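S.K.: curious how this folds, go ahead:
(one chain, ligands or ions: 1)
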Amino acid sequence: AMWRLSHRSRGAGLLGRRWASSSAQPQTSAELVRIMDEMPPERVRNFCIVAHVDHGKSTLADRLMEMCGAVGVGVDRAQLLDDLAVEKERGITVKARTVSLIHQNTSDGLPYLLNLIDTPGHVDFSYETSRSIAACQGALLLVDACQGVQAQTVANFWLAFEQNLSITPVVNKVDLPHADIPGTVEQMEAVFGVEAEEVVAISAKTGLGTTELLGALLERTPPPAASRDRPLRVLLFDSWYDEYRGVLCLVQVLDGVLSVGDQLLSAATGKTYPLLQIELMRPSTPVALRGLYAGQVGCISLGMKHIVEANVGDMLSAPSAPQAPLEGFKRPQPMVFAGFYPSDEKGFEALQHAMGRFCLQDGSVRVESEHSPTLGRGLRCGFLGMLHMEVVQQRLEQEHGVDVIVTAPTVPLEATLSDGSIVSILSPEALPEGKDALELREPLVKVTLITPTAHLGAISQLCIGRSGELCGESYLGPERVMVQYTLPLAEIATDFHDRVKTLSQGYASLDYESAGTQPADVVALGLKVNGNAVAALTRIVRRPNAERMGREMAMRLKAELSRQVYDIVIQATIGSRIVARETIRASRKDVLAKCYGGDVSRKKKLLEKQKAGKKKRQMHVGDVPIPHGAFVKVLTPAK
Ligand code: GTP
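M.R.: All right, here's what the predicted structure looks like:
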């Protein structure tokens, strides 16, 4: 043991990992089953980590898993909880994930069950965050010591605070040379009303302070108020679709005991399901359990066929003693809609199939069929926000091999028609003619921005330029300020986030929540190429922005099209009025120019290659080829 200890600490010294010696040995499956059977609610801690993107949530989760023997120590790998390809690539957490850890408490010698409920940190995914928080009693409020308090931390803090979670404030990344611990603590005091003495300073990377953090977590987080003796109440707080096992539900047993073979009544669907399987959430391989007891969290299979049966917030109970669901769970409302079209004509079936499979996993995407004169058959899809849309598009490509053309994102408008009916307007084609609509309303959002004071002027100007109205301002310290604006959702749907980042050199952060509706003043802005309308590029825009956006879109399309043997004229239109015009002069792009010597087979090959390239990657408007990537580029300004 001596050798092991010194050997380990030597390795640890090299890596700067002082925590290594306090790490536990991994438990076997049999041990885990026994520990779970005996685990009373008093020794359970259900908690989440709320943090702004990149403040180190996943890294801390990895560290806690190592400290509790859930994974080997010091393995160099991408964070264990982020396992979607898109998450790896973008370094963000999209889907909330959960892990159960056993911590051997040295002060009373007893094992404790720590359920770490992982939450996504990005603005579009606050729905996933809120539902995960419902299963927790405590939260680690993690703030990067170099970045200070950011907007997403504030938003998630309020979610946790409203749920009455006990909050443990944590300053992370204290190992970095420019870490400002006192300044960060000061901000946390100002924004969250925490006491300086409560704040735990850690480095999730080196492990510094993480043992103290575990101690604070055990001490401050109350156990769930659960009892094995009361009638069964099971909260469903997340669900997903597994390729092999179908729909899986993540549940917390609020009261009672759950055993494999039980019949469970769903309050949401009114149906009874057999409990086929219970698993403990472990980072590597799941562990099959006989039962799940009051206070515990696990993954269960009920043989549900479709994800829509697995309603987040649902209450499962014994059919003989039905229980009411918790209040306050809302289905997430899509905020941004766009058309998804296959990039070639044949691809619709593939797209529809892939999207169908995707919707099994993500119940927050809305999908309807639609048809466009230029793009053919497609799907009108609703998303929680722009990032959500991009992530779905990327996952369709990466996981299902389906390339899509995404049309201009729109926000849902609410039209009161002259016959008194109210309809939701999702696409430019559905926009009623002036006299048909009595009233058109657009959604509003309240945006919270946190920025260094030096950039406040630029950011305020941006918000005001986007029809924003100031509704709150407070200083977080001498150099940081938080402002809140009410803005039309349409104004932030495309490039707002990027503009904020650019104007503040990356230092400002933002978050938004919906804030009702207001009368909308909108028009349909279109683009024509050599006189032919490009339907995929028509968008509903707010009237004050229409001409400027028309000019910008025409310029961006010009940059995306290659010269042809004829002139290409690009026009932006509002109704029959032309508001911008760009011309691409004719030239001859000769792919054969480089083929000296008349090598016929080479020539042929090149021509075929060019043809194949065309087929896959572009569509035609009239004679003019428009590359696949152009659509997205025209609709989303350069980053
Ligand atoms: P999302 O999943 O997008 O919400 O991000 P996250 O909060 O999970 O952040 P993540 O754990 O991925 O960490 C972001 C970056 O900060 C990574 O490059 C980490 O290696 C780094 N990092 C995290 N904790 C520390 C720390 O204590 N010290 C240092 N120096 N770097 C850290």
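S.K.: how about the strands in the stretch 351-500 of the chain?
M.R.: 366-372, 376-383, 404-406, 413-417, 422-425, 437-452, 469-477, 480-488 (DSSP state E, counting those that start in this stretch).
S.K.: mind checking which of the ones you listed is nearest Gly56?
M.R.: Among those, the nearest to Gly56 by Cβ to Cβ is strand 437-452 (17.9 Å). (Each C-beta comes from the backbone N, C-alpha and C, glycine too.)
S.K.: off-centre distance for stretch 385-397?
M.R.: Offset of stretch 385-397 from its chain centre (Cα atoms, centre = their mean, to the nearest Å): 9 Å.
S.K.: show me what counts as buried in that stretch.
M.R.: Within stretch 385-397, the residues scored as buried using 16 or more other Cβ atoms under 10 Å are Gly385, Met386, Leu387, His388, Met389, Glu390, Val391, Val392, Gln393, Arg395, Leu396.
S.K.: before we move on, what about stretch 303-317?
M.R.: Under the neighbour-count criterion of 16+ other Cβ under 10 Å, stretch 303-317 has Met304, Ile307, Glu309, Ala310, Asn311, Val312, Gly313, Asp314, Met315, Leu316, Ser317 buried.
S.K.: my guess is the last one meets Pro231, correct?
M.R.: This means Ser317. Yes. The pair Ser317 and Pro231 passes the contact test of Cβ atoms under 8 Å, sitting 7.0 Å apart.
S.K.: between these two, which contacts overlap?
M.R.: Gln323 (Cβ atoms under 8 Å, 6 or more residues apart in numbering).
S.K.: just flag the most distant two among the buried residues of stretch 385-397.
M.R.: Spatially, the most separated pair among the buried residues of stretch 385-397 is Gly385 and Leu396, at 17.1 Å (Cβ to Cβ).
S.K.: circling back to that earlier point, can you list the buried residues of stretch 303-317 in CSV and add pLDDT, secondary structure and distance to the ligand?
M.R.: Formatted as CSV, the buried residues of stretch 303-317 follow (pLDDT from 0 to 100; DSSP: H, G, I helix; E, B strand; the rest coil; distance: Cβ to the nearest ligand atom, whole Å):
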residue, pLDDT, secondary structure, distance to the ligand
Met304, 89, coil, 28
Ile307, 77, helix, 23
Glu309, 84, helix, 29
Ala310, 84, coil, 24
Asn311, 78, coil, 26
Val312, 76, coil, 20
Gly313, 79, coil, 23
Asp314, 86, coil, 27
Met315, 92, strand, 29
Leu316, 95, strand, 30
Ser317, 95, strand, 34
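S.K.: how about low-confidence regions in the stretch 351-500 of the chain?
M.R.: Applying pLDDT under 70 to the stretch 351-500 of the chain picks out residues 361, 373-374, 433-437.
S.K.: ok and the residue in it nearest the ligand?
M.R.: Nearest residue of the stretch 351-500 of the chain to the ligand (Cβ to the nearest ligand atom) works out as Leu387 at 10.8 Å.
S.K.: now do the contacts for the nearest residue to Arg466 once chain neighbours are set aside.
M.R.: Spatial nearest neighbour of Arg466, chain neighbours left out: Glu491 (3.9 Å); criterion: Cβ to Cβ, 6 or more residues apart in numbering. Glu491 is in contact with Arg466, Ser467, Gly468, Arg542, counting by Cβ under 8 Å, 6+ apart.
S.K.: out of those residues, what pair is the most spread apart?
M.R.: The widest separation within the contacts of Glu491, taken as Cβ to Cβ, falls between Gly468 and Arg542 and amounts to 12.3 Å.
S.K.: pick out whichever of the two has more residues nearby.
M.R.: Gly468 (23 against 18; other Cβ atoms under 10 Å).
S.K.: I'd like the next helix or strand past the helix or strand containing Val251.
M.R.: According to DSSP states H and E, Val251 maps onto strand 246-255. Counting by DSSP H and E, the next helix or strand C-terminal to strand 246-255 is strand 257-259.
S.K.: run the chain-centre distance for that following strand.
M.R.: Strand 257-259 sits 33 Å away from the centroid of its parent chain (Cα atoms, centre = their mean).
S.K.: ok, now stretch 159-176?
M.R.: Distance, centroid of stretch 159-176 to centroid of chain: 20 Å (Cα atoms, centre = their mean).
S.K.: flag every buried residue along that stretch.
M.R.: 159-161, 163, 165-175.
S.K.: again with stretch 553-561
M.R.: Met553, Ala554, Arg556, Leu557, Leu561.
S.K.: tell me the bridge partners for the residue in the stretch 401-550 of the chain that the ligand sits nearest to.
M.R.: Relative to the ligand, the nearest point of the stretch 401-550 of the chain is Ser509 (12.3 Å; Cβ to the nearest ligand atom). Bridge pairing for Ser509 (DSSP bridges) gives the partners Ile450.
S.K.: for it, grab the count of nearby residues.
M.R.: 26.
S.K.: likewise Ala179?
M.R.: Ala179: 18 surrounding residues under other Cβ under 10 Å.
S.K.: so what pLDDT did it get?
M.R.: With respect to pLDDT, Ala179 has a value of 94.
S.K.: with Arg18 instead?
M.R.: pLDDT, Arg18: 39.
S.K.: offset the numbering so it begins at 42, please.
M.R.: Fine by me, first position is 42 from now on; the one you just mentioned is Arg59.
S.K.: show me where the stretch 142-291 of the chain has its strands.
M.R.: Applying DSSP E, counting those that start in this stretch to the stretch 142-291 of the chain gives strands spanning 152-158, 179-185, 207-213, 241-242, 274-283, 287-296.
S.K.: avg pLDDT for the shortest one?
M.R.: Translated: strand 241-242. Per-residue pLDDT values over strand 241-242 give a mean of 96.
S.K.: counting by contacts, list what it packs against.
M.R.: Secondary-structure packing of strand 241-242 (3 or more Cβ pairs under 8 Å, 6 or more residues apart in numbering; DSSP states H and E): strand 207-213, helix 251-261.
S.K.: any stretches of the stretch 42-191 of the chain with poor pLDDT?
M.R.: Across the stretch 42-191 of the chain, the ranges flagged by pLDDT under 70 are 42-66, 112-138, 160-172.
S.K.: tell me where it has helices.
M.R.: Using DSSP state H, counting those that start in this stretch, the helices assigned to the stretch 42-191 of the chain run over residues 43-56, 70-79, 98-108, 126-131, 167-174.
S.K.: ok so, going back, show me which of the contacts of Glu532 is closest to Glu79.
M.R.: Out of these, the member with the shortest distance to Glu79 (by Cβ to Cβ) is Gly509, at 56.4 Å.
S.K.: so what's the closest one up against?
M.R.: By Cβ under 8 Å, 6+ apart, the contact list for Gly509 reads Val488, Tyr526, Thr527, Leu528, Glu532.
S.K.: try it again with 10 Å
M.R.: When contacts are counted by Cβ atoms under 10 Å, 6 or more residues apart in numbering, Gly509 touches 485-486, 488, 501-503, 524-529, 532-533, 537.
S.K.: ok, now Leu598?
M.R.: Going by Cβ under 10 Å, 6+ apart, Leu598 touches 568, 570, 575, 578, 609, 611, 613, 623, 625, 667, 671-672, 674-676.
S.K.: over to Gly339?
M.R.: Contacts for Gly339 (Cβ under 10 Å, 6+ apart) come out as 77, 139, 141, 156, 275, 290-294, 299, 318-322, 327-328, 330, 332-333.
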